[in-house]
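Peer 1: I would like to see how this sequence folds:
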Amino acid sequence: MSWFDLAGRDLISELDWTKEEYDVAMKVTDQLKGAYYSRTPHMRLSLEDKPGAGETVKDTAEAMERYCDGIGIRLLDDAVEHYGQGDLVMQKFAEHCRVPIINMASDINHPCQSLTDIYTMHEKLDGAVKGKKIVIMWAWSPWIRGWCSVQGTALISSLYGMNVVVANPPEYDLDPKVMQDCRDLAAASGGSFEISHNLDKALDGAAVVFPRNWFTKDRYEIGKEKEAEIAKKYVSWKYSTERQKKLGAPGHLLQCMPVDRGNEADAEVCDNKLSWILDQAENRLHTQKAILTLTMGGRL
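Peer 2: Coordinates of the predicted model:
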């Protein structure tokens, strides 16, 4: 039998398909599972509108908007070929959709997480986030992470008038456009924004610390193995118990999780009374519901 024989067929009872048809389903499952674990993209979506390129974003977006009240898209770094491609897909969807597009994490931004982070800080600091110092620090880890979470938190903290410091080794500068946006937002909100390559100096007086690994700007050219080699030069860059005690300020831990315990932050820092990470994780649920309620016109 052909795989195409199942097109348009119902599957309501286990008896609706024969053993041979279930065998076909299991073969397809094997292929899709293999693609999943090898991180092989299997979506036919194309940003190009030309024969053979795949289904256009326009067609996909206009079809999907008929199914729902909103569309959430998550396109992280391993799902794209170059920095900015994931964000471009979302922008193209938004051009052609009449329902809201929600960025569930792209290669540039992560607004759902950013809202959670500022909400958590607002909640924990009794609404007084303006003027508080937050340090978003590169931290060593064998995990090679993207930029969206740290860039998003830098943006929203700057928007709310916090004194934002991004601390990173020289190789780990973030998107210059995003960094300029942070400067502009800080200037307009009465906050401040700076970049530092001196971790301990940057941490001094921090009310909140966000330790997170991220890759270099050359990630797509040099690959993950080279990224790991560069990162090993900076294994001392972590939010340690010793550093937290020397801050001269609370130094509350903010981290969107999963946190690489012992590398990005000491286990004690993750578990002590200054850690907000579990409250932050819970708040992601509540802020996400708020986004959906608002963007879908109160339908929830």
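Peer 1: Next, count neighbours for residue 15.
Peer 2: Applying the criterion other Cβ atoms under 10 Å, we find 6 residues in the vicinity of residue 15. For every residue, glycine as well, the C-beta is placed using N, CA and C.
Peer 1: separation between it and residue 24?
Peer 2: Residue 15 is 16 Å from residue 24, where distance means Cβ to Cβ, to the nearest Å.
Peer 1: cool, residue 229 as well?
Peer 2: Counting by Cβ to Cβ, the gap from residue 229 to residue 24 is 45 Å.
Peer 1: More neighbours: which of these two?
Peer 2: Here residue 229 and residue 24 are set side by side on neighbour count (other Cβ under 10 Å), and the busier one is residue 24, at 17 against 10.
Peer 1: What strand or helix carries the more buried one?
Peer 2: Element membership for residue 24 (DSSP states H and E) is helix 19-37.
Peer 1: what pLDDT, on average, does that helix get?
Peer 2: pLDDT averaged over helix 19-37 equals 69, rounded to a whole number.
Peer 1: Could you do stretch 164-183 as well?
Peer 2: On average, stretch 164-183 scores 97.
Peer 1: What residues of that stretch count as buried?
Peer 2: Within stretch 164-183, the residues that count as buried by 16 or more other Cβ atoms under 10 Å are 164-169, 171-172, 174-175, 178-179, 181-183.
Peer 1: Please flag which of the residues you listed sit within strands.
Peer 2: 164, 165, 166, 167 (DSSP state E).
Peer 1: helix, strand or coil for the nearest residue to the last one once chain neighbours are set aside?
Peer 2: In this case it means residue 167. Closest residue to residue 167 apart from its sequence neighbours, by Cβ to Cβ, 6 or more residues apart in numbering: residue 202 at 3.7 Å. At residue 202 the chain is in helix, as set by DSSP: H, G, I helix; E, B strand; the rest coil.
Peer 1: do the same with the one 3 residues further on
Peer 2: For residue 205, the reduced secondary structure class is coil; criterion used: three-state DSSP.
Peer 1: Just give me the neighbour total for it.
Peer 2: There are 14 residues near residue 205, going by other Cβ under 10 Å.
Peer 1: Surely it is in contact with residue 249?
Peer 2: Yes - with contact defined as Cβ atoms under 8 Å, residue 205 and residue 249 form a contacting pair (4.9 Å).
Peer 1: what do these two both touch?
Peer 2: Jointly contacting residue 205 and residue 249 under the rule Cβ atoms under 8 Å, 6 or more residues apart in numbering are residue 133.
Peer 1: OK, contacts around the residue lying closest to residue 234 once chain neighbours are set aside?
Peer 2: Here the nearest residue to residue 234 in space, its sequence neighbours aside, is residue 169; by Cβ to Cβ, 6+ apart that works out to 4.9 Å. By Cβ under 8 Å, 6+ apart, the contact set of residue 169 is 138, 197, 233, 234, 237.
Peer 1: who wins for neighbours among those?
Peer 2: Of the contacts of residue 169, residue 138 is surrounded by the most neighbours, 27 neighbours in total, counting by other Cβ under 10 Å.
Peer 1: residues contacting the nearest residue to that residue once chain neighbours are set aside?
Peer 2: Nearest residue to residue 138 in three dimensions, chain neighbours excluded: residue 168, at 3.8 Å (Cβ to Cβ, 6+ apart). Residues in contact with residue 168, defined by Cβ under 8 Å, 6+ apart, are 137, 138, 174, 195, 196, 197, 214.
Peer 1: Quick check: beta-bridge partners of the nearest residue to the fourth one once chain neighbours are set aside?
Peer 2: Excluding its sequence neighbours, the residue lying closest to residue 195 (Cβ to Cβ, 6+ apart) is residue 166, at 4.9 Å. On DSSP bridges, the residues paired with residue 166 through beta bridges are residue 136, residue 195.
Peer 1: OK, contacts around residue 166?
Peer 2: Contact analysis of residue 166 by Cβ under 8 Å, 6+ apart lists 135, 136, 137, 150, 154, 174, 179, 182, 193, 194, 195, 196.
Peer 1: Residue 125 now?
Peer 2: 132, 207.
Peer 1: number of nearby residues for residue 200?
Peer 2: Around residue 200 there are 11 other residues, counting by other Cβ under 10 Å.
Peer 1: Understood, closing this out.
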